[in-house]
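A.B. asks: The sequence and its predicted three-dimensional model are supplied below.
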Amino acid sequence: MKSKIVAGNWKLNKGPQETNAFATQLCELLKTELQTGAPKATQLVVFPQTLVLASAVQSFSGSSVAVGGQNIYSESTGAFTGENSAAVLRELGATHVLIGHSERRQIFGETDMLLAKKMWMALKAELLPVFCVGETLEQRQSGQTESVLTAQLQNGLAGIDRNETFWVAYEPVWAIGTGQVASPQQASEAHAFIRSFLGKTCEAPILYGGSVKPENAMAIAQQPHIDGFLVGGASLDPRSFFEIAKNLK
Ligand code: 13P
């Protein structure tokens, strides 16, 4: 059985001190869990803001928790004031990177074409990209969920070999930060659709994101095609992040 994944997107939260305190508490909880003989079956990753990346890597060093970036630019060097390079993220110790989070698409106007370049750049830098897709409420209500997902996947993964190592996160925009979590069935249907789009030979895990909490994670995780979670708000507290992971085993 593949191990499940729980990833925490901290968005624009937590400085170095809070990150360090989080790491200490989470590692303590993980240690206690291991002492009870529980199997270490869940992969954990946190995505702090880029400014905190180096200190987050330090804070989690020696633990099983990986650290990733929330964004990279599509070029690795050059005259791109204010941007962040995939190669440097990797050099600082990041192993993963989010690509195409709905906040990047909606607030910062990132297009499918730009995201395809970022995917390529992440893989070139040996970062594991987590490609985020999801429909808005309006798109869902007008029956466009599958066509939106198809376009996002087709364009964003254009030119990416399906055998490369990457993850997909299905995050319906209407469920992000709203408390309105997708029903287990809605999540499972969308994941099944994404899985069939990716094809039988592609092993990319598909994570669900959008208002995941310790209380609702279990019901979603029990559905087919759910390989883990990308958690926003509930990942900011080490205990609730830990509880989500613990329930998945
Ligand atoms: P919430 O869990 O706060 O809804 O955020 C989800 C998300 O955007 C993770 O990337």
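C.D. replies: Arrived safely, thanks for sending. Quick caveat: nothing in here was measured; it's all calculated off a predicted structure.

A.B. asks: Check whether stretch 13-28 comes into contact with the ligand.
C.D. replies: No - Stretch 13-28 does not reach the ligand (CB under 6 Å from any ligand atom); its nearest approach is 10.4 Å. Heads up, the C-betas are built off the backbone N, CA and C, glycines and all.

A.B. asks: The residue in the chain that the ligand sits nearest to - how many residues pack around it?
C.D. replies: Closest residue of the chain to the ligand, CB to the nearest ligand atom: Gly232 (2.1 Å). Using other CB atoms under 10 Å, Gly232 has 23 neighbouring residues.

A.B. asks: For it, list the residues it contacts.
C.D. replies: Going by CB atoms under 8 Å, 6 or more residues apart in numbering, Gly232 touches Gly8, Asn9, Lys11, Ile176, Gly177, Gly209, Val212.

A.B. asks: can you check Phe241 too?
C.D. replies: Applying CB under 8 Å, 6+ apart to Phe241 gives the contacts Val6, Gly8, Leu26, Leu44, Val46, Val231, Ala234, Ser235.

A.B. asks: Ala234 versus that one, what's the distance?
C.D. replies: According to CB to CB, to the nearest Å, Phe241 stands 7 Å off from Ala234.

A.B. asks: Next: Gln154.
C.D. replies: According to CB to CB, Gln154 stands 31 Å off from Ala234.

A.B. asks: of these two, who's got more company?
C.D. replies: Each of Gln154 and Ala234 has its neighbours counted (other CB under 10 Å); Ala234 has more, 20 against 12.

A.B. asks: ok, now which ones touch that one?
C.D. replies: Contacts of Ala234 (CB under 8 Å, 6+ apart): Val212, Lys213, Pro214, Ser240, Phe241, Ile244.
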